[in-house]
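Enquirer: Dropping the sequence and predicted coords here.
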Amino acid sequence: MDWKKTLRSSTEVWTGFGLIAAGLTALCLGVHGILALALAPFGVGLILSDVVGTAAKEARARANVRIRRDKDT
C-alpha cells in the first residue's frame, strides 16, 4: 500500500488538516469559543479515523484464515 498516495487522495485527511489550521488560526487570533477550541482536536480525530480504518482494511485483506472442512461436527 502506498501510504502517501492514499493520504493525499483522502478527503477526510484534507478536511482534518483544514480543521486543524482553522482551529490554530482561531486560537492565535484570540477567539476563545468552544468551537475554536474543538476544531483542532476534531481534525486530528478525523485524520486518525481515516488512517486507522484504512490500516484495518489492509490488515483484514492480508489475513489468511484456513478452515478445515473434513470434519463434520
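Expert: Right, received. Where do you want to start? Numbering: from 1, shown residues only.
Enquirer: And the most centrally placed residue in the chain, which helix or strand is it part of?
Expert: In the chain, the residue lying closest to the centroid (C-alpha atoms, centre = their mean) is D50, at 2.4 Å. Taking DSSP states H and E as the criterion, D50 maps to helix 34-62.
Enquirer: Which residues belonging to that helix are considered buried?
Expert: 36, 39-40, 42-43, 46-47, 50-51, 54 (16 or more other C-beta atoms under 10 Å). In this view, the C-beta of every residue, glycine as well, is placed from N, C-alpha and C.
Enquirer: what's in contact with stretch 11-18?
Expert: Contacts to stretch 11-18, defined as C-beta atoms under 8 Å, 6 or more residues apart in numbering, come from residues 7, 43-47, 49-51.
Enquirer: again, 10 Å this time
Expert: With contact meaning C-beta atoms under 10 Å, 6 or more residues apart in numbering, stretch 11-18 is reached by 6-8, 10, 39-40, 42-51, 53-54.
Enquirer: what do you get for stretch 44-63?
Expert: Taking C-beta under 10 Å, 6+ apart as the rule, stretch 44-63 contacts 1, 3, 6-7, 10-20, 23.
Enquirer: which one is L27 nearest to, not counting chain neighbours?
Expert: A36 (5.9 Å; C-beta to C-beta, 6 or more residues apart in numbering).
Enquirer: quick one: that neighbour from G53, how far?
Expert: According to C-beta to C-beta, to the nearest Å, A36 stands 27 Å off from G53.
Enquirer: Tell me the buried residues in the helix or strand of the chain with the lowest mean pLDDT?
Expert: None of the helices or strands of the chain scores lower by mean pLDDT, DSSP states H and E than helix 3-9, at a mean of 76. Residues of helix 3-9 classed as buried by neighbour count (16+ other C-beta under 10 Å): L7.
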